[in-house]
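**Student:** from the sequence below, what's the structure:
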Amino acid sequence: MTTNLSAPAAYSGEAADRARVGASGALSRFREILVQTHDLDWIDKTLDGLSHKMLWRDDETGASIALVRFRKGAGIPSRHAHASNQFMFCLKGRYTYVPTGITLTEGAFYWNPKGSEHGPTHADEESVLLEIYDGPHYPTQPDWYDDPADAR
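**Tutor:** Numbering: from 1, shown residues only. You can find the predicted model right below:
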């Protein structure tokens, strides 16, 4: 029999009771988890025009998976680097890395290696990206966020 189990601590979202197996409470494990992204609200970040739907986060490592949405004209205002690898898959829109001209359009996959400086960016039209980090997002809180939670 194949198992697909992960510790509850590695999943910070809501899980349906039917996905739990084993003991109750903190000792239980999850089998499989389904998140209907259309049922989640977009949560605004303190950077104007940026919102997200957090799908998964490992609070111990900082790794995460989220949908991010940039309104037309929004973007990251300055050059920066991440504390881990950043992966993005464009689901909708046109999102440009200004200095290099790299533009993500529907179906584009982008990998920004840990520590690689990039940006600023600009959403040429409303853009929705699946964003994955394999560790913490930033070495320090960027100045474009007023809330430390936005840099997680």
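**Student:** could you list the low-pLDDT ranges of the chain?
**Tutor:** Across the chain, the ranges flagged by pLDDT under 70 are 1-31.
**Student:** most centrally placed residue in it?
**Tutor:** Centroid-nearest residue in the chain, with C-alpha atoms, centre = their mean: Ala66, separated by 3.1 Å.
**Student:** ok, that one to Pro99 distance?
**Tutor:** To Pro99, Ala66 is 24 Å away according to C-beta to C-beta, to the nearest Å. Just so you know, the C-beta spots here come from the backbone N, C-alpha and C atoms, and that holds for glycine as well.
**Student:** that older thread, ok, the residue nearest to the centre of the chain - contacts?
**Tutor:** His52, Lys53, Met54, Leu55, Leu130, Glu131 (C-beta atoms under 8 Å, 6 or more residues apart in numbering).
**Student:** pretty sure it is in a strand, no?
**Tutor:** Yes - judged by DSSP: H, G, I helix; E, B strand; the rest coil, Ala66 forms part of a strand.
**Student:** what residues are bridge-paired with it?
**Tutor:** For Ala66, the beta-bridge partners under DSSP bridges are Met54, Glu131.
**Student:** could you dump stretch 117-135 to PDB, C-alpha only?
**Tutor:** Extracted in PDB, the C-alpha atoms of stretch 117-135 (Å, rounded to 0.1, in the frame of the first residue of the first chain):
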ATOM      1  CA  GLU A 117      19.500  40.000  -8.100                       C
ATOM      2  CA  HIS A 118      16.500  40.900 -10.300                       C
ATOM      3  CA  GLY A 119      13.800  43.500 -10.700                       C
ATOM      4  CA  PRO A 120      12.200  45.900 -10.600                       C
ATOM      5  CA  THR A 121       9.200  44.400 -12.200                       C
ATOM      6  CA  HIS A 122       6.000  45.700 -13.900                       C
ATOM      7  CA  ALA A 123       2.700  44.100 -14.700                       C
ATOM      8  CA  ASP A 124       1.800  45.200 -18.200                       C
ATOM      9  CA  GLU A 125      -1.700  43.800 -17.600                       C
ATOM     10  CA  GLU A 126      -3.300  42.100 -14.600                       C
ATOM     11  CA  SER A 127      -1.100  39.000 -14.000                       C
ATOM     12  CA  VAL A 128      -1.600  35.900 -11.900                       C
ATOM     13  CA  LEU A 129       1.400  33.800 -11.100                       C
ATOM     14  CA  LEU A 130       1.900  30.500  -9.200                       C
ATOM     15  CA  GLU A 131       4.900  31.400  -7.000                       C
ATOM     16  CA  ILE A 132       6.900  28.800  -5.200                       C
ATOM     17  CA  TYR A 133       9.800  29.300  -2.800                       C
ATOM     18  CA  ASP A 134      11.900  26.400  -1.500                       C
ATOM     19  CA  GLY A 135      12.900  28.300   1.600                       C
END
